[in-house]
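Visitor: quick one, what's the 3D model for this:
(2 chains)
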Amino acid sequence: MFVIFRDLVRHNLEFAIGITLMGIVVAFTLLSFFSPVNPTHIFVTMPDRPPSWTHLFGTNSRGQDLFWQLTFAFRNTLMFGLTVAVISRVISITVGLLSGYLGGWVDRVLMFVNDIFVAIPTFPVLVLFYFVLRSNLDTLTLALIMAGLGWPFDARLIRSVALGLKHREFTRHAVFAGMTTRKIMFEEHLPYVMPIVFATFMANMLWSIGLEVTLAVLGFTNINVPTVGTTLYWAINHSALVVGVWWWIVIPIVFIVIMFIGLFLLAISMNEYIDPRSRLNRMGA
Amino acid sequence: MRGYLRFALKRFLLLVAVVFAGVSAAFFVTHLSPVSPVETALARITARSHFSPDGIAAMRAALTDMYGVNEPLLSKYANFWRRFVQGDLGPSLIAFPTPAMSLVRRALPWTVGLLSFAIIVTWLVGNILGGLAGYYQKNRFLKLFGVVAIGVQPIPYYIVAFILLIIFGFLWPVLPISGGFSMTVTPGWNLRFISSVAVHAILPATALVLVGFGGWFLGMRALVSNIVTEDYVTYAELGGVARSRIVFNYVIRNAMVPQITALAMALGGIFSGTVITEQVFSYPGLGSLLIEAVNGGDYSLVLAVSTVAIIAVASAIFIVDLLHPILDPRIRTE
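Guide: Residues are numbered from 1 along each chain as shown, chains lettered A, B, ... in the order given. Predicted coordinates for the structure are as follows:
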């Protein structure tokens, strides 16, 4: 594991940059555990102060220290992305392996459902859920809904791998040795799809965080929980740019861009690592 | 040919299933909303005025009757499908009694125009440049495109649109940042209106192109760099086939096929992106309408917009799927 990591950092520039950028963001979010302020309190410091040594990122119009506020915002957003990714990975692994290994009508039914999910536009559906739940739409509910929408692409990918594994020698051995279907799926086939699961994990986080930011900026989530999106929501709500409180908008956006590019670089370097052809290409073979 | 028809029929059944499932889900979700449309309308009517309590009660009864909110859910559902077949999705509640469909119809051309322009430009330009970058891997200029693609592609539509808004709205205000056309022109087929529409579309379209382009570029570059190592390409090079012919006819054409599948899969996401971008630039399309409807508690308009969105995306996927075997003769439609 460590050797793989070292080789990736040494030979894969994308991975090295990605891990550095994500390292910065994660380290920043970890600071939230040492925060002297409660992120949900408002008007605790002087509002609208530009960045200075006492307030590293300045303060916003709601009288909050932006530095500590952002540490909480990024922590919540990353946790949200992780939750969605983990849950939707579980769904896509189960559906993909079942569909690929069992085949027949199970496969047809599952892929039919899969196709329906692929074709439904996500954003209007999420807006619908906000329309119904209103302020009851907390982060966990939203994460569950997004996980329920975010699995189909990857389930198809996993299915295609499982289809290939089904006819391999070792699967037949396992069947003859009397292994149960569940055991074959999760003990024999799962290790083969794990690399895909890791690569799609990052891509899924990108997707879910992007949507969360968008929904929150429009005010379609619980706006009292500090996340990256709600930070921007409040900034826009207080017309930060017009008033001249530029740091309230620019600093979060810079961090968002760092986080997204970092995640994306990790995702594509993983993809490359999985694909032996592009690995050979890189080595110049 | 018969195989193709059977394939088309199968795809059509899928389309019907998608529309049915999606619209049904949207129907039930909207009708379980705790926001009462009657109370919302009453609040709007009675704001800043003095009605007697009896008058308000009478109005509430009339509105309940008129909106038909007290009917059982299943009969509403049956009614919904009956009217759906006739192309009627009920009256909008924030602009009562304008049919929700006519509001949607007013917004639809804006969204479709922006979306189709963005898709065609991003898909074509991204794939062609990506293909060239995969073939000419040493070219500095194309490498630069790769770096830009990696830098912009992962950022959400909203943030890119917002950054453009900051740059061209506050720092260097040269382009209109809101609306579909300027207030001073009369809508119609005259030059001033058309040029105004074009100028107003620049920023939203740029946001969509910036985000969309990178995915196609990177995908195509990866595909092509795998194809380039195939024997038939080396053979064609040794045989002295013109470079441009190898790139476009032998390499890019083969790599196009998975990109068409990817287009069908990505349509839903691109639609969501357009909706969001419209909101940033107050573009008068479906996105702005949807958000207005949500804020107004107008479930029938929310339902109409979602229904049209689901049908539009599903049909677009259906069309791309149908084109697929025509573009790639290797795909057997059995």
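Visitor: please pull out the lowest mean pLDDT helix or strand from chain A.
Guide: One helix or strand of chain A scores below all others by mean pLDDT, DSSP states H and E: helix A:276-283, with a mean of 60.
Visitor: ok, and does stretch A:119-128 reach over to chain B?
Guide: Yes - applying Cβ under 8 Å from any Cβ of the partner chain, one finds stretch A:119-128 touching chain B at A:119-125, A:127-128. All C-beta atoms are positioned from the backbone trio N, CA, C, and that covers glycine.
Visitor: buried stuff in the helix or strand hosting residue A:260?
Guide: Taking DSSP states H and E as the definition, residue A:260 sits inside helix A:247-274. Residues of helix A:247-274 classed as buried: A:247-253, A:255-273 (neighbour count, 16 or more other Cβ atoms under 10 Å in any protein chain shown).
Visitor: which ones, among those, also lie beside chain B?
Guide: Answer for those near chain B (Cβ under 8 Å from any Cβ): A:249, A:253, A:256-257, A:260-261, A:263-265, A:268.
Visitor: and residue B:30, how many residues sit next to it?
Guide: Residue B:30: 21 surrounding residues under other Cβ atoms under 10 Å in any protein chain shown.
Visitor: OK, contacts around it?
Guide: A:128, A:131-132, B:299, B:302-303, B:306 (Cβ atoms under 8 Å, 6 or more residues apart in numbering or on different chains).
Visitor: if we use 7 Å, what do you get?
Guide: A:128, A:131, B:299, B:302-303 (Cβ atoms under 7 Å, 6 or more residues apart in numbering or on different chains).
Visitor: follow-up on the earlier one: out of the residues of stretch A:119-128 next to chain B, the closest to chain B would be?
Guide: Sorting the residues of stretch A:119-128 next to chain B by distance to chain B puts residue A:123 at the head of the list, at 3.3 Å, by Cβ to the nearest Cβ.
Visitor: would you mind listing what in chain A touches chain B?
Guide: Residues of chain A found near chain B (Cβ under 7 Å from any Cβ of the partner chain) are A:115-116, A:118-124, A:127-132, A:134, A:153, A:206, A:210, A:213-214, A:217-218, A:241, A:253, A:256-257, A:260-261, A:263-265, A:277-278, A:281.
Visitor: got a quick ChimeraX command for the buried subset of those residues?
Guide: Selection of buried members from these for ChimeraX, criterion 16+ other Cβ under 10 Å:
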select /A:115,116,118,119,120,121,122,123,124,127,128,129,130,131,132,153,206,210,213,214,217,218,241,253,256,257,260,261,263,264,265,278,281
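Visitor: just the helices in the stretch 51-200 of chain A please.
Guide: Remark: helices assigned in the stretch 51-200 of chain A by DSSP state H, counting those that start in this stretch are A:66-102, A:104-119, A:122-133, A:139-149, A:152-166, A:169-176, A:181-183, A:190-217.
Visitor: let me have those in a markdown table, extended by distance to residue B:41.
Guide: Shown next, in a markdown table, are the helices of the stretch 51-200 of chain A (distance: least, Cβ to Cβ, whole Å):
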| stretch | distance to residue B:41 |
| --- | --- |
| helix A:66-102 | 35 |
| helix A:104-119 | 34 |
| helix A:122-133 | 16 |
| helix A:139-149 | 28 |
| helix A:152-166 | 38 |
| helix A:169-176 | 62 |
| helix A:181-183 | 54 |
| helix A:190-217 | 26 |
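Visitor: okay, the ones you listed in a markdown table with mean pLDDT and distance to residue B:220 next?
Guide: Listed next are the helices of the stretch 51-200 of chain A as a markdown table, based on pLDDT from 0 to 100; distance: least, Cβ to Cβ, whole Å:
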| stretch | mean pLDDT | distance to residue B:220 |
| --- | --- | --- |
| helix A:66-102 | 91 | 25 |
| helix A:104-119 | 85 | 21 |
| helix A:122-133 | 82 | 24 |
| helix A:139-149 | 89 | 27 |
| helix A:152-166 | 86 | 18 |
| helix A:169-176 | 87 | 35 |
| helix A:181-183 | 85 | 39 |
| helix A:190-217 | 86 | 18 |
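Visitor: tell me the one among the contacts of residue B:30 nearest to residue B:102.
Guide: Set against residue B:102, the nearest of the contacts of residue B:30 by Cβ to Cβ is residue B:303 (14.8 Å).
Visitor: could you check how far the closest one is from chain A?
Guide: 8 Å (Cβ to the nearest Cβ, to the nearest Å).
Visitor: that residue: how many residues sit nearby?
Guide: So residue B:303, with other Cβ under 10 Å, has 23 neighbours.
Visitor: kindly report the same for residue B:151.
Guide: Neighbour count of residue B:151, defined by other Cβ under 10 Å: 15.
Visitor: residue contacts, it?
Guide: Counting by Cβ under 7 Å, 6+ apart, residue B:151 touches residue A:261.
Visitor: next, give phi and psi for it.
Guide: Per-residue torsions, residue B:151: phi -70, psi -30 (degrees, to the nearest 10).
Visitor: what's the pLDDT at it?
Guide: Looking at residue B:151, its pLDDT stands at 83.
Visitor: distance of residue B:142 from residue B:48?
Guide: 62 Å (Cβ to Cβ, to the nearest Å).
Visitor: please say which of these two ends up with more neighbours.
Guide: Remark: of residue B:142 and residue B:48, residue B:142 carries more neighbours, 19 against 4, as counted by other Cβ under 10 Å.
Visitor: what helix or strand is the more buried one on?
Guide: Counting by DSSP H and E, residue B:142 is part of helix B:140-152.
Visitor: where's that helix relative to the chain centroid, distance-wise?
Guide: In terms of Cα atoms, centre = their mean, to the nearest Å, the centre of helix B:140-152 is found 26 Å from the chain centre.
Visitor: and the angle from it to helix A:247-274?
Guide: Interaxial angle, helix B:140-152 versus helix A:247-274 (axes from the mean of the first three to the mean of the last three Cα atoms, to 10 degrees): 120 degrees.
Visitor: so which bits of helix B:140-152 are buried?
Guide: Neighbour-count burial for helix B:140-152 flags B:142, B:145-146, B:149-150, B:152 (criterion: 16+ other Cβ under 10 Å).
Visitor: and of the residues you listed, the nearest to residue A:185?
Guide: Closest to residue A:185, out of all of those and judged by Cβ to Cβ, is residue B:150, at 35.5 Å.
Visitor: which residues sit in contact with the closest one?
Guide: Applying Cβ under 7 Å, 6+ apart, we find residue B:150 in contact with A:264-265, B:214.
Visitor: residue B:66: neighbour count?
Guide: For residue B:66, the neighbour count with other Cβ under 10 Å is 13.
Visitor: ok, it to residue B:304 distance?
Guide: 18 Å.
Visitor: which one among the buried residues of helix B:140-152 gets closest to chain A?
Guide: Within the buried residues of helix B:140-152, the smallest distance to chain A is 6.8 Å, found for residue B:150 (Cβ to the nearest Cβ).
Visitor: for residue B:324, which non-adjacent residue is spatially closest?
Guide: Sequence neighbours aside, residue B:260 is the residue nearest to residue B:324 in space, at 5.9 Å (criterion: Cβ to Cβ, 6 or more residues apart in numbering or on different chains).
Visitor: then residue A:95?
Guide: Spatial nearest neighbour of residue A:95, chain neighbours left out: residue A:155 (4.2 Å); criterion: Cβ to Cβ, 6+ apart.
Visitor: that neighbour reaches residue A:97, doesn't it?
Guide: No - look at residue A:155 against residue A:97 with Cβ atoms under 7 Å: they stay out of range, at 9.1 Å.
Visitor: of these two, give the one with the bigger neighbour count.
Guide: residue A:155 (28 against 25).
Visitor: now do the same contact list for that one.
Guide: Residue A:155 touches A:92, A:95-96, A:114, counting by Cβ under 7 Å, 6+ apart.
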